[in-house]
Each structure stands twice: as structure tokens, then as C-alpha cells.
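Student: give me a 3D structure for the following:
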Amino acid sequence: MSPSASNPPRIPPAKPALSPDAVLPKWASDLITCYESDAASQFILYGNVGDRMVLPVGDKPELGSLQDFLLRGLLPRFDVVLSYDLGNGIRVEKGEEIFAQWPLVKETPQLPRAPRQAIETLTLFFRYIANLGRLKRGHFHVACIVRSASLVAPALQGGLNYDLNALAMLVRDWSTDTLLAGHSLATFLVTENLNDLHPLLTTNTRAAQVKIPLPPAKDLAEAFAVMAPYYPTALQGYANRTGELAAQLAGASTALIEATLKTSEYRKLALVDADILRVKKQLVEQDCNGLIEFIESSRTLDDLHGQEKVKAWLRQDFALWRKNDLPAMPMGYLLCGPVGTGKTYTAECLAGEAGAPVVKLKNFRDKWVGSTEGNLEKIFRLLHALGRCFVFVDEADQTLGKRDRQSDDSGISGRVYSMMAEEMSNTANRGKIIWVLASSRPDLIEVDLKRPGRIDVKIPLFPTSSSTEGLELIRALCKRKGLEIDPGEAAEIEPMVPPLLTPGSAETFATKVYRLSRTQPITPAQAIKGCLTDYRNPVPKEIMDFQIALAVREASDGEFIPPAFRGVS
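Tutor: Alright, predicted model coming up:
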């Protein structure tokens, strides 16, 4: 970045000590470009803002906070750098001698801490510096970092709050006021989630929104190079394989990885390959504060009884996936069918077959305005960092929200719908983030959320359509429990097997058979007969028929529908 005489750079180039080979993260390079081009002078830094990162300065790389990165990597040639947060108030990070010359400081050396008064004070100082430049009495480059900006100027919690709105207007003026915008002023608002910040700030066209992602494998490898000398025991098994370790731990924050290494080093324990999956699962779940969980699955499609057409289709998809033929992959799957037809089980088999992590969304909704949206932001950041993964959404008709505003949820359902719709239709995620929705009431899922381009393949799952199929299902489940049924006895049992038997009810039935065969001196076949004598389907027939009809209508391919159900409407 070389300055020109007519248009000097707004953010100065890095320190001369910076190695020529050093490369800034993309978000930092984009930020510099945005500032130097005068496209924006205020930056909302959001996302992985609490992490540790490699500082791009000095001969000896080290880890530091985001504030360290800004101060030492982007702002070393600024004359005055201030910071503000609720705990520390206004702090002079650099240029104290210039700040001390401000008449207001001489009159009131105790700077205010309360948000409204502190923001007013900062605004007055910025105007003072800008006026000095206008009067040609000194041109000073000034930067200000507002930490935890969502606590200083939070999203409105309903109703009018004049003080809060006035504060947000002042912060917005830092980038829009003619006097301030024409001066060398750079301001940084740091928040974890955009939705937590006041809308006057997030909608400011002169404020650039800069997303700081969870570290990709390349950044983690650089961090491991810095940490290796400090944790020789913990990393001894990866002395020459830190790149491999970084690729395996992508999706976890550097700070939590460092904490894990500290613990292992203290205990004199070396990380081994067998630990990595467990460590990554713990780190990622901890990062997301219980909003997601990993589904560990050793099952494959071989464990799925029946559904041969479905299994053939899915195996073709996975074959393409392994060849990295991502354009051929669907954006998502919808598993639909009556209660108990094995939608969750199918998702586990699907994940085991693909050999990729499966992330299950937990309850991300919150009663506080903005918190639900903030939780979704965290989840999306994680999914992007994981690379390839499946996202399983159970009870999708309840989870994904509704287009229309719900009268009893303050509009949360509509905002969830909007965020989900945007994320699920992001074509950059094709073959990387694959959505797997499950619902026995697909008719309640918004049509736009299950359209092609978001959900390309809709797989119906059905109960058994005949006594023969039902008997095969019972025998398969009993066999897993070590109960073998003689073929001759099976022929006697078949007429007793009821229709429309689901895998869920059959699993419960097989457990009952197993219990009976262990508590009474009878054969497995006799136990089955005894259990069938008084058997009652746990799902009323009218509900079963209704949900079967829904699954038939949703199917994206006629081959997925067994012949016995193709006439159902």
C-alpha cells in the first residue's frame, strides 16, 4: 500500500519490521482497502472477536487479542488511539501527550464512564481534533475502539429509549458527520453478534461490517507454529504434523485450543490421534454454549432396513461427494413420514455413510429480543468453519420459524425464518453444508424453505405395507438382540403381524419380545406370538394415514414411494 500525494492512505502501512512474507487475514486486508478507498471510516467487527490470533508484527510471532491485532497490526502509525468499554471507561492506548493537551481534559481530568456521557466526550474530542486540522494547527490521525459495543449501544428491547437512541446517533455521526468524516478518524465497534447491536449502527451505510471468522486450517497452522515451543509435551506427537492437526481441529477457536494445550502440558499428557475427535467435539460445543451438539454415528446405510431406492440414491450422492464433485450435490434433504418411521435414525446412518461430522441444532431460541438471532449467528459461523458437515434439524416444522409474524413471539419466528432461508439458499455452501430436515408434518414447513435450491431431495419414509414386510422388520430387530426366529415358525407368525408397522414401534416390540424371552421359559417365536396377541398400534390409524399421505405428496422422486402407497393422496 503506497500513499499518493493527492490521496494519502487513511490507514498507514504496517510497521517496517513486518516481514515481507507476512500476510494479513482476509478480513484485515478488506478492512484496509475499505478505509483507504474512503468507502467507510467506521467498522463493525463481529463474529469471532474474542479469540486469540497471530499478531502480524515483530520478528518473533506471538498470539494476542483482537485489540492487540488492531493496535499493533493496523494502527501503529495513528497518532492517538482511544478505547472505551463499560468496565474501563475511556482509555488512551496511544498518544497520551496529544490527548492531554485537550482543554477539556485539563479542566476535568476524571473522564466519565457512563455510556452516554463517555460517547459525548469522545465526540467532543473528535471534533476538537478535526477543528485543529481545519485551522491548520496540526493534523492528527485518530482511532477509537469500542469494545463490547452491544453493551454500549444494544438493540432496542421494545419501546422508545431516548438516551440509547441519542447515544447510537452520536456513534453513527462519527462516520457520517461532514467534519468528522473528512478527517483521519477510524472507529471500530466490536460485537460478537450483529443482531445485538443498535439498528442505527448496523444500518449505517458508512459503516462496513467486517466478519471475523473462526480460524480456518491455515490460520490454525500458523497459531500452532507460535504455540509449539510453549507446549512441547502436549504437541510432541505432532512435531512435524501441525498442519494435519490444524485441519482436524478446524471449527474450534484458537483460544480454546490453547487452553486445552495448557491443560495437557500441565498434566504432562501428549495429544494423540485418538483424542482429536473428542477434543474437537468438546471445543466446538463449548464455543457454541450448548446451541449445537455433535451426533456420533457408527451406523451406515447398511443398518437401514429396506428403503433400497433411497439408499441407492444416497450412495450415488456420497460417491460424487468423495470425488469432490460438489455441483452434483443437493443443498439439503427432507426426511418426512409418519411418527416412528426412523427419520432421526436415517440421518445417523446417512452421516455414518458419508463419514462427515453431523451437527444437530438444539434449542437456540431465547426470550430476550435479539438473543435468538445472535445464537443463530454463532451457529452459522461454526458451520462455515467446519468445512464439510451435515446439519440435522429435527422437528423442522417447529424449529425453522414462519414467514408470517406470530402474535405471541414478538416476531422472533419471522426473523428466524428469514435468517434460515438466507443461509439455506447460499449456493457457496453446496456440498459443504448439507441440511437434513426431519418432520412428520412437512405441510407445516414454509414452502419457501423446502423448495429446490434449499431442499433438493425429499425422502419419504413409510411404515411396512404388508405383513411380510412387518415380519422381516421384526426378525431383523430381534436378530440384533440375539433372537433368531426359525423360518418354519416365522410362517406361522406372519398372518398375525399388523400392517403399518413403523421401525420405532417395531423396536419397542422387539424389546418387549426380548424381555419376555428372558423372563419366561419360551422360544423367541412364542414370545413374538404372545406379544402380537394383544398388540395395539401406538399411532391411531387416522393419524398414520394422514401422515402417509403427506409423505407421498412431498416425495421428490416417485421411485422413493413403495408401490403399495403410490395411490395414496
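
Student: alpha carbons only for contacts and neighbour counts from here, please
Tutor: Noted.

Student: and the helix or strand of the chain with the lowest mean pLDDT, C-alpha only, in PDB?
Tutor: Taking mean pLDDT, DSSP states H and E as the measure, helix 273-287 is the helix or strand of the chain with the lowest mean score, a mean of 75. The C-alpha trace of helix 273-287 is given here as PDB (Å, rounded to 0.1, in the frame of the first residue of the first chain):
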ATOM      1  CA  ASP A 273      -4.800 -39.000  17.100                       C
ATOM      2  CA  ALA A 274      -7.500 -40.900  19.100                       C
ATOM      3  CA  ASP A 275      -8.100 -37.800  21.200                       C
ATOM      4  CA  ILE A 276      -8.600 -35.300  18.400                       C
ATOM      5  CA  LEU A 277     -12.200 -36.100  17.500                       C
ATOM      6  CA  ARG A 278     -13.200 -35.900  21.200                       C
ATOM      7  CA  VAL A 279     -11.300 -32.700  21.800                       C
ATOM      8  CA  LYS A 280     -12.800 -31.100  18.700                       C
ATOM      9  CA  LYS A 281     -16.300 -32.100  19.800                       C
ATOM     10  CA  GLN A 282     -15.800 -30.600  23.200                       C
ATOM     11  CA  LEU A 283     -14.200 -27.400  21.900                       C
ATOM     12  CA  VAL A 284     -16.900 -26.700  19.300                       C
ATOM     13  CA  GLU A 285     -19.700 -27.400  21.700                       C
ATOM     14  CA  GLN A 286     -18.100 -25.200  24.300                       C
ATOM     15  CA  ASP A 287     -17.700 -22.400  21.700                       C
END
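
Student: would you mark the buried spots in whichever helix or strand comes after that helix?
Tutor: Per DSSP states H and E, the first helix or strand lying C-terminal to helix 273-287 is strand 292-295. By 16 or more other CA atoms under 10 Å, the buried positions in strand 292-295 come out as 292, 293, 294, 295.

Student: where exactly do the helices run in the stretch 401-550 of the chain?
Tutor: 412-424, 467-480, 487-493, 503-519, 524-533, 541-554 (DSSP state H, counting those that start in this stretch).

Student: relative to residue 316, which of those is closest?
Tutor: helix 541-554 (21.2 Å; CA to CA).

Student: for the closest one, buried residues please.
Tutor: 544, 546, 547, 548, 549, 550, 551, 552, 553, 554.

Student: which strands and helices sit next to that helix?
Tutor: strand 457-460 (3 or more CA pairs under 8 Å, 6 or more residues apart in numbering; DSSP states H and E).

Student: strands paired with the strand it packs on, and their directions?
Tutor: strand 332-336 (parallel) (DSSP bridges).

Student: got a list of contacts for the strand it pairs with?
Tutor: Strand 332-336 has contacts (CA atoms under 8 Å, 6 or more residues apart in numbering) with 343, 434-442, 450, 454-461, 551, 554.

Student: can you list the low-confidence ranges for the stretch 351-500 of the chain?
Tutor: 367-370, 405-410 (pLDDT under 70).

Student: try it again at 50.
Tutor: Judged against pLDDT under 50, the stretch 351-500 of the chain has no low-scoring part.

Student: in it, which spans are strands?
Tutor: 358-361, 389-393, 433-439, 457-460 (DSSP state E, counting those that start in this stretch).

Student: who's in contact with the lengthiest helix in the chain?
Tutor: Criterion DSSP state H: the longest helix present in the chain is helix 115-134. For helix 115-134, the surrounding residues in contact (CA under 8 Å, 6+ apart) are 86, 89-90, 102, 111-112, 138-140, 142, 152, 163-164, 167, 170-171, 174, 179-180, 183, 185.

Student: can you tell me which of those are in helices?
Tutor: Counting by DSSP H, the contacts of helix 115-134 contribute 152, 163, 164, 167, 170, 171, 174, 179, 180 to helices.

Student: fine, thanks again, bye for now.
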